[in-house]
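Novice: Dropping a prediction and its sequence here:
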Amino acid sequence: MNVPLDPLLISVAAPLAVAVAIALGLPKRWAVKLAYAGFAVPALVAIDVWWRFASAAKEVHGYAFLTNYSTGLDRLGIGLKLGLNGISLPLFVLAGLVGFAAGLYAIQSKAERMKTYLLLLLVMQAGLMGTFASVNVFFFYFFHELALIPTFIMVGIWGGRDRSYAAMMMTVYLTLGAMLSLVGLIAIYVKTGATSFDLMILRDALASRPLGEVTQTHIFGLLLFGFGILVSLWPFHSWAPLGYGAAPSSAAMLHAGVLKKFGLYGLLQIALPLLPFGAAQWSHSLAVVAGVGNVLAIGLVTMAQRDLKQMVGYSSVMHMGYAFLGIAAGSVLGAGGVVMLMVAHGFSVALLFLLSTTIYHRTHTFEMDQMGGLAQKAPVLAGLFVAATFASIGLPGFANFWGELPIFFALWNFSHGLTLVALTGTVVSAVYGLRAAARVFFGPESEAFARVAAVDPPADIAWSERLPAFVLVAALLFIGFWPKSFSDGINRALMGEPAAVVASR
Amino acid sequence: MTPTHIALSVLLAPLASAALITLLLGRRGGLASAVSVVAALFIACGALWLAFGGDRFTASWEWLRFGSFAVALGIKLDDLAALMLSIVGVVGLCVHVFSLGYMRDDAARARYFGGLSVFMFSMIGIVLADNLFMMFIFWELVGFSSYFLINHWRELASASDAAKKAFIVNRVGDFGFLLGIILCYWANGTVSLSELGAGHVVYSRLIPLLLFCGAIGKSAQLPLQVWLPDAMEGPTPVSALIHAATMVAAGIYMLCRIDVLMVPQARTVIAWVGTLTALYAAMCAITQRDIKKVLAYSTISQLGYMVAAFGLGSVGAAMFHLTTHAFFKALLFLGSGSVILGCHHEQDIFRMGGLRSRMPVTFWTFTIAVAAIIGMPGLAGFFSKDAILVLAFENNRAVFSVLAFTAILTAFYMIRLWKIVFLGEPAGEPARHAHEGGISLTAPLVLLAALSAVGGYWRAYPRAFDGVFSQIPEAGGATHAIVLATSLVVLVAGAGTALAYYATDGGDTLERRSPGAFRFLGALRSSFDTGYDFYVAEVQQRAALVLNFIDVVGLSGIVVRGLAGATEMFGFGIRALHTGRLSTYVYWFLGGVVVLWAFAAGVL
């Protein structure tokens, strides 16, 4: 074990170190330069480990790059154990790349109090990398909190309209969700009696000696509500459109794109394998709520939005419904689709938030009624927005399609009726997606926009804004054209890596 | 180079062209159009080589796998695919070349040619697909290319609306298509065309009908035909390639691909949908003033013939008509493009007239196409339409009568169009100054006119497509005589009436002489749009607004906050924020962690 060169630890430590340096009073000039490195290092590490993952030596449950650090709490089973399997790798890559894009976008944003803003984003970035690299459930949770708190602060300080109210709503909901899931995680720990938070040990212990059925059902319920609130499960979703509507764009990109996936990831990586009976008990209620609530009702609500950013926020709530449906379907196929969708949605929603703000700088409003005809002034921006829209409505060629397709197929074996509901969602999302693109970019200029354009002539998307957008589009297309680059690892992890591949330790 | 490599490069060449144009040539219209045309030339050569020179083969690569569910990228080149590929290649090349002239002065030429390349990539994917997953993937992609190209003139609200409508209506059809694929997968354990073709198919009425929903959307059959006339907002070469010759015919191609899944009851439904669509669209075409709209309704009507032919059980007849239609309808659209360009973007036929002498190449080629579509003996459309009528006569007399009546209407509206546009005296200033375009405009017309003239003699083709054309129904004796007599009578009746009835004086004779009939046909045409508009505005949008109200006021305002008992936290949150002490939560959290850690580590 070569501690200084552990890539996973570096990906957490680098942004954290830059944040600490900024907190210690680095001059702004240096702070910005160092921040580039703080965001770039995790992204490079993510690409590097993705590249090496297929050939890397795997240990039990398909984990690679495992390292263990003592925290002085070993007798409680709390050690900083880092590693990646086929499920966490895609999310780790997502965190690295979206973090990089959000960082670049923040640096060019000319926000007030830039140093503090970057500091908070870097802390968030470190937390995100840590969350998905942690094998120890305690640190999995700890890193999530580390990433969550900066979100509240950023919404409260740099937010747009209604920022105090939005920050408060987010704080209340997400804290409640996090607390419920914490209780659930502690309950697993206590009931297992394994005296360890190590996920690998917990899995082995529960595989040979599963928890009682009643216990499983109760604990899974806690986790479902806790994680569900964090992922905007209907009807606990109100924080999402409100919070994202107000959040500064880089914070919205990181939260909606990456941090929100924490709950789904927890359900897939922890709750489903550890509590299979509990999952089966809850699956039907979950599917009905997610299908009718998230997909159908929120899909229609999304159609009614007039504020671009709110619309993106609601659409994200709707797409989380598909992820819940895939989890409820309870098969390798469904779960595989969920992982693909988590990654794809992360890239596409981050891109949509980035572009929404970019549009705002040209139209000086988020009201779609007061836009129109921007494509003539900003063709590249229009192209990127159309690409993001089609990605998010599941057009093949973009990653999202590979999330939705397996989920639909898995769902049919679970419930015919809900499959119809989910497929209706594909029409609904096409309606609001294309309608938004048309209202913002196409047709003649609206009067309101013409007035704005006369005072402040809009330019096409600048290179500093283009670069982070390109990173996200490239990722969406890459996975869209070559899904095997991630699905093979996911499939192996879900099928259960055979014990024979345990490498010599 | 094995045939597999050729097929793959034919598929990927237009993708490479599109990528190159998007990334590097966005501002270099001339270079972009050259790249795109070279790609189209490569496709045409590759397609013909594969069809006439190469072997028939299948190949497959795994694309994604979860458990036992695997999606493959595969190629199945049989006679059917070879025929379709040749059509796409040849018509595609004609349209690319025509676009060089047609789009010469367009500011966004690079975007246009990039879009054409994306379309060629997607369409070839459908043609080569060896399984329904892959067909669906490229099916969606042609839908996207169609959206993209209809939307080409972005500053026009009408173009933007039409593009949106095309994509959404197709999504409605694809709802059924995807559901059909899901059912097919779970019933048969595979959606590979080769494996399904090898037998052991679980027969069901539902699966073929759901898959047919995809064709209803893509091939603009009742009741989803509404998007195609609006799609004429796109540039005319796009209408020729996508909305006449190839993409809209993909629905029929797809049906022929899944022929093995069909059951008799499903066929009956399909035959009647096609028949009624043919009749309905022909009636709509009669009152149109816009040259492209006449052709659009004519396309819907002819697609109805193909769907009916498939429903009556003959892949051969359906594909034969698809082939000849691709030639003469592409020619009609390109001819109309030539007319529109010659008349300085005038599209109203009653402001044209007298173009015969002013645009001779366009006139003669257009005349061949009109003669072909109305079934003039000896030309391509005559043979393929006859095959369908023979089929209908032998299998279903009711369908036969409707299709024969529709043939009268076809002759009627086409001769009306032809007479008003080309004969008489110019009715408007633009028509007076009309002139023929350059070689890039006329050469494709001549090539397609040749194909429209001789395309029906399939026995003279090389043996390459025998797998398809050997299934064309042939009649002998009495049937042959009756059908032949019928088609000649309907041709003379329709064409003669139109020639005699319409005057070339700058107004619609039907509107003047029988306003009742004119209004009825107009109302018939707009009835579907009226219904859908009502649904969208009064049902869907209202439901959305009500749910939005409930969501904002009801759920987040009352229910959840009450249920969760979070009111107090709420107050705490407000105070914390309003006093500017946002960091309160941070301190509490950090404090908690420190205490927990200290306790656990034995410090306390």
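Specialist: Now that the structure is in, tell me what you want to look at.
Novice: Can you read off the pLDDT for residue 31?
Specialist: All of this is about chain A. pLDDT recorded at residue A:31 is 87.
Novice: other chain: chain B
Specialist: At residue B:31, the model reports a pLDDT of 91.
Novice: same check, this time on the one 4 residues further on
Specialist: According to the prediction, residue B:35 has pLDDT 94.
Novice: now residue B:479
Specialist: The predicted local confidence for residue B:479 is 86.
Novice: Now do the buried residues in the host helix or strand of it.
Specialist: Following DSSP states H and E, one finds residue B:479 within helix B:477-501. Under the neighbour-count criterion of 16 or more other Cβ atoms under 10 Å in any protein chain shown, helix B:477-501 has B:483-484, B:486-487, B:490-491, B:494-495, B:498 buried. Quick note: C-beta positions are derived from backbone N, CA and C, even for glycine.
Novice: which SS class is the closest residue in space to residue B:479 that isn't next to it in sequence?
Specialist: Closest residue to residue B:479 apart from its sequence neighbours, by Cβ to Cβ, 6 or more residues apart in numbering or on different chains: residue B:393 at 6.0 Å. What DSSP: H, G, I helix; E, B strand; the rest coil gives for residue B:393 is helix.
Novice: Correct me if wrong: residue B:393 contacts residue B:481.
Specialist: No: in this structure residue B:393 lies outside contact range of residue B:481 using Cβ atoms under 8 Å: 11.0 Å.
Novice: The residue in the stretch 101-250 of chain A positioned nearest to chain B: neighbour count?
Specialist: At 3.1 Å from chain B, residue A:238 is the closest residue in the stretch 101-250 of chain A, using Cβ to the nearest Cβ. By other Cβ atoms under 10 Å in any protein chain shown, 21 other residues sit near residue A:238.
Novice: and the residue nearest to residue B:479, what is it in contact with?
Specialist: By Cβ atoms under 8 Å, 6 or more residues apart in numbering or on different chains, residue B:393 lies in contact with B:400, B:475, B:479, B:482-483.
Novice: Could you work out the most separated pair of those residues?
Specialist: Farthest pair in the contacts of residue B:393 (Cβ to Cβ) is B:400 and B:475. Separation: 12.0 Å.
Novice: can you count the residues close to residue 321?
Specialist: Here I'm looking at chain A. Neighbourhood size, residue A:321 [other Cβ under 10 Å]: 29.
Novice: nope, chain B please
Specialist: A count of neighbours around residue B:321, defined by other Cβ under 10 Å, yields 29.
Novice: Now it. Nearest residue, chain neighbours left out?
Specialist: Of all residues not flanking residue B:321 in the chain, residue B:384 sits nearest, at 4.0 Å (Cβ to Cβ, 6+ apart).
Novice: which residues sit against the helix or strand that contains residue A:477?
Specialist: Using DSSP H and E, residue A:477 maps to helix A:463-481. With Cβ under 8 Å, 6+ apart as the test, helix A:463-481 has contacts from A:97-98, A:100-102, A:104-105, A:108, A:340, A:343-344, A:347-348, A:350-351, A:354-355, A:358, A:380, A:384, A:387-388, A:391, A:396-402, A:461, A:485-486.
Novice: quick one: stretch A:358-370 near chain B?
Specialist: No: judged by Cβ under 8 Å from any Cβ of the partner chain, stretch A:358-370 makes no contact with chain B; its nearest approach is 13.4 Å.
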